[in-house]
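S.K.: Next comes the sequence, and after it the predicted model I'd like to discuss.
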Amino acid sequence: ISPIQTIIDELEEKSNITNLTYTFGNELMLGNVVFCHPDYFSGTLGKTATGMADTYLAKYRDLSAVIVAHTHHIFSGLYRNVAVYENGCFCHEIDYHKGPQKLSNQWNKGYGIYTINSEGNLIINESKVFTIN
């Protein structure tokens, strides 16, 4: 039994939260919002999130948002009527990112706060990504 599924089961039992689904791998779906780790990374700002949105739109027609963690970018936007976010990352800078091999993209630490309504859709004007300096 997955630890994530155990938490979901407890939330359903104790708090009556019934629209949370652990789909597979590195994704979690709350209502019509997918939270995920990317399958690939793009050095272009927002490209990872929009690419992931294309992937999920093929599976979930009522998708309202795709929130991608660990991209090392901070991004928010609207793509094909779906809110897309890249949260940056909380991890420490890795060795290959320093010195002469430094990647061209900027390393960003950040997090997001998201509001999802009772229908399972993201409320865009109450959701935001924050940068940590």
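M.R.: Cool, got the structure.

S.K.: Look up the closest residue to Ser2, ignoring the ones flanking it.
M.R.: Excluding its sequence neighbours, the residue lying closest to Ser2 (C-beta to C-beta, 6 or more residues apart in numbering) is Tyr22, at 6.4 Å. Every C-beta, even on glycine, is put in place using the N, C-alpha and C of the backbone.

S.K.: now the helix ranked longest in the chain: how far from the chain's centre is it?
M.R.: Secondary structure assigned by DSSP state H gives helix 3-15 as the longest helix of the chain. Averaging C-alpha positions (C-alpha atoms, centre = their mean, to the nearest Å) puts helix 3-15 20 Å from its chain's average.

S.K.: average pLDDT for it?
M.R.: Taken as a whole, helix 3-15 has a mean pLDDT of 81.

S.K.: so what does the helix or strand that it is followed by touch, helix or strand wise?
M.R.: Following helix 3-15 in sequence order, the next helix or strand is strand 20-21 (DSSP states H and E). Packing partners of strand 20-21 (3 or more C-beta pairs under 8 Å, 6 or more residues apart in numbering; DSSP states H and E): helix 3-15, strand 27-30.

S.K.: Direction included, what does strand 20-21 pair up with?
M.R.: Strand 20-21 has its sheet partners listed here by DSSP bridges as strand 27-30 (antiparallel).

S.K.: Now do the helix or strand that the partner strand is followed by, average pLDDT.
M.R.: Following strand 27-30 in sequence order, the next helix or strand is strand 33-36 (DSSP H and E). For strand 33-36, mean pLDDT is 92.

S.K.: what's in contact with strand 33-36?
M.R.: 26-29, 52, 56, 60, 63-69, 114, 116, 120-122 (C-beta atoms under 8 Å, 6 or more residues apart in numbering).
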